[in-house]
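1. below is the sequence, then the predicted model.
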Amino acid sequence: MRSFKRIGAFGAGAVAAVALVTAAPLPASASAPADNGDGFEFTLYAKEIPAPGADESGPPPKVGDTFMFADDLFKTKGGDKVGRDGVICGVVRTSGDQADTNCVGTFVLNGGPGGQLTAQALTTFDISAEGPSAFDLAVTGGTGDFKTVSGYIRVTPDGDYDRMDFHLTR
């Protein structure tokens, strides 16, 4: 079940609203959008914050099941914390060892740039796999420095973290 619960910071999310936290600024490469207004890219690492009493073993997911998770977001693995996310997912289809989940998440980023991003995806997971494969989240909105962005977030498992490559356009 861990692979099913830990979809990455979908933070992409994928996403419940969260409050801002104080943290260090994002990497210099993400400190400001390009002057020509084309957008910007940066990478963050998400580490899941286990919920108290969370049980990762249990029956396979069924249609209608929902789950939530939260991550802390870092510039580098174990580096400076730059934000957090919250994600909620619902199982919409199962077939054999496959489960489709519709996930929505909110990412709160501090520093330059700062604000919130929302993202969502319909993603198929192999329930029997040790971990999820890479997937993309569609950026659906934002606030602060992200109020006019669109784009996507590529989430890739990376050990105890998920690597999140943000590709944003204005």
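-> Right, received. Where do you want to start?
2. contact partners for residue 143?
-> Going by CB atoms under 8 Å, 6 or more residues apart in numbering, residue 143 touches 115-116. Placement of C-beta: from N, CA and C, glycine included.
3. just the pLDDT at it, thanks.
-> On pLDDT, residue 143 comes in at 94.
4. now it: phi and psi?
-> With angles defined as degrees, to the nearest 10, residue 143 sits at phi -130, psi 170.
5. can you give me the helices in this structure?
-> With DSSP state H, the ranges of helices along the chain come out as 2-5, 10-13.
6. list the buried residues of the lengthiest strand in the chain.
-> Longest strand in the chain by number of residues (criterion: DSSP state E): strand 81-95. For strand 81-95, burial by neighbour count (16 or more other CB atoms under 10 Å) applies to 81-89, 91, 94.
7. circling back: compare the helices of the chain and say which comes out lowest on pLDDT.
-> Here the lowest mean pLDDT among the helices of the chain goes to helix 10-13, at a mean of 33.
8. okay but residue 118 is in contact with residue 140, surely?
-> Yes: using CB atoms under 8 Å as the test, residue 118 is close enough to residue 140 to be in contact (5.0 Å).
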